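Asks: my questions concern the predicted model and sequence given below.
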Amino acid sequence: MLMAIPLCGFSQQFTNGQWKGVIQYKAVEVPFNFSLKTTSDTTALVTIINAKEQIMIKNAVIKNDSIFIPMYVFDTYIKAKIEGNMMVGVWHKNYKPNADSKFTAAYNQPRFTKTSSKINSIKPTWEITFKQPNGQTSKAVGLFAQHGNQVTGSIATEVGDFRHFEGVTYDDSISISSFDGVHAFLMLGKYADGNWSGIFYYEDGYSEKWIGQYNEEFKLTNPFELITVTPSTHKPYYDILTAGGQYNAIDTDLLDGKVVIIQLMGTWCPNSLDQTQYLTNWYQQVNQKDIVLMAITYEPGNKEYSQKRIDSYSKLLNIPYPMYIGGSMSKGQAALAFPNMGKINAFPTLVLIDKQGYIRYINSYFNGPATGEYYLEFDREFKKRVDELLVEE
């Protein structure tokens, strides 16, 4: 129901309900939906909607003719002027101050505009190949569901999933998008001669071509098998693990005889957020007596900035395990403390260490809740491997 709320000291009307937001890149517009509900004259609840995912932001601020929307736990925000049933402003990342994107919004508009009455039939599982501008390729699996002309689902790769998508299919085309406060993704494609092809827009100024075909048998490499470890051969270098913040910040005496789980992550990373929420729930349910869980973060800023990000992130998410600064946002730096790794493949990465202090398993990328069975498979395998380490002497 439409509700107009007068702003204190300003004649403009603020409209509650569902909106269509648009992140404007030079080449394309990336649409998403969100809802607004005023909670006072100066505050609002904003909920970003990507299919089943709803990201609730309870601390949006209204001032005069403007709204300020911090993007949940991420160090980004939207700031816009309200002009009746329209908004105009910017999407800003504090750690990328010169990379603003224009933001607009319109009240009560669909994510994608209907272009045809003919609906294309979408099958659930795709084998996708992405091609970078330099010619290098990478594989992904598309995991989709269709209801009428509406398409939802995710795209999983061997560096993590792209989380929740929502969009439409008409005639021979598909258009799906996702916005989580850090990424604004748009995937456009057409179907011809048994194959899909199109362009995937990652950010302003960067896109990749893609081709896809239906393939129920296609699977990604198990994230526990990308890097294999010979038991009793390598131990982490704890003295440099937290070198970006404080050397020897970890008291290794407290690790003796424990199963240690190290999460290599970043507070800027949505996949890390998904994994952090998983680990938080799991850790609160297990007997912690024989387990030590810690996060090492790699941030796009100096030590002072990184510590502020850790403090804010940990508080907002009620994280029950310690977080340490590992260094800058670098996969190479994240791998320095692990003698068996030349680099890590992705943030987040999990390292499982046995009671003797040796690296036993590495989970090289995370399949989050948007990936369905892939996420459930991670849950089963992670718990199985931790239980295996717990029963060892």
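Replies: Arrived safely, thanks for sending.
Asks: listing request: residues of the protein with sub-threshold pLDDT.
Replies: In the predicted model, the chain carries pLDDT under 70 at residues 1-13.
Asks: let me see the ranges of the helices in it.
Replies: With DSSP state H, the ranges of helices along the chain come out as 238-241, 270-285, 303-317, 331-335, 373-391.
Asks: please name the nearest non-neighbouring residue to the residue nearest the centre of the chain.
Replies: For the chain, the residue lying nearest the average C-alpha position, counting by Cα atoms, centre = their mean, turns out to be residue 270 (2.1 Å). Closest residue to residue 270 apart from its sequence neighbours, by Cβ to Cβ, 6 or more residues apart in numbering: residue 180 at 5.0 Å. C-beta coordinates here come from the backbone N, C-alpha and C atoms, glycine included.
Asks: thinking again about what came up before, gap between the residue nearest to the centre of the chain and residue 373?
Replies: Separation of residue 270 from residue 373 (Cβ to Cβ, to the nearest Å): 20 Å.
Asks: returning to what we had before: what is the burial count for the residue nearest to residue 270?
Replies: Neighbourhood size, residue 180 [other Cβ atoms under 10 Å]: 22.
Asks: ok, it touching residue 55?
Replies: Yes. Residue 180 is within contact range of residue 55, at 6.6 Å (criterion: Cβ atoms under 8 Å).
Asks: what residues do these two have in common as contacts?
Replies: residue 48 (Cβ atoms under 8 Å, 6 or more residues apart in numbering).
Asks: could you chop the protein up by domain?
Replies: 3-107, 125-214, 238-391 (automatic domain parsing).
Asks: adding distance to residue 221, write those domains out as CSV.
Replies: CSV is the format used below for the domains of the chain (distance: least, Cβ to Cβ, whole Å):
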stretch, distance to residue 221
domain 3-107, 26
domain 125-214, 6
domain 238-391, 9
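Asks: between those, which one is nearest to residue 225?
Replies: domain 238-391 (8.4 Å; Cβ to Cβ).
Asks: the closest one: how far from the chain's middle?
Replies: Here domain 238-391 is found 16 Å from its chain centre; the criterion is Cα atoms, centre = their mean, to the nearest Å.
Asks: that domain: end-to-end distance?
Replies: End-to-end distance of domain 238-391 (Cα to Cα, to the nearest Å): 24 Å.
Asks: just stretch 170-183 next, same as before
Replies: Stretch 170-183: ends 25 Å apart by Cα to Cα.
Asks: would you reformat the helices of the chain as TSV and include distance to residue 138?
Replies: Rendered in TSV, the data for these read as follows (distance: least, Cβ to Cβ, whole Å):
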stretch	distance to residue 138
helix 238-241	29
helix 270-285	16
helix 303-317	29
helix 331-335	15
helix 373-391	17
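Asks: among the ones you listed, which is nearest residue 229?
Replies: Of all the helices of the chain, helix 373-391 comes closest under Cβ to Cβ, at 11.6 Å.
Asks: can you name every helix or strand that the closest one contacts?
Replies: Applying 3 or more Cβ pairs under 8 Å, 6 or more residues apart in numbering; DSSP states H and E, we find helix 373-391 packed against strand 259-265, helix 270-285, strand 349-353, strand 359-363.
Asks: measure residue 323 to residue 95 for me?
Replies: 17 Å.
Asks: neighbour count for the two, which is higher?
Replies: Taking neighbours as other Cβ under 10 Å, residue 323 and residue 95 compare with residue 323 leading, 22 against 16.
Asks: next one: the closest residue to the more buried one other than its chain neighbours from residue 278, what distance?
Replies: Closest residue to residue 323 apart from its sequence neighbours, by Cβ to Cβ, 6+ apart: residue 295 at 4.4 Å. Taking Cβ to Cβ as the measure, residue 295 falls 12 Å from residue 278.
Asks: look at these two and report which has more neighbours.
Replies: residue 295 (25 against 17).
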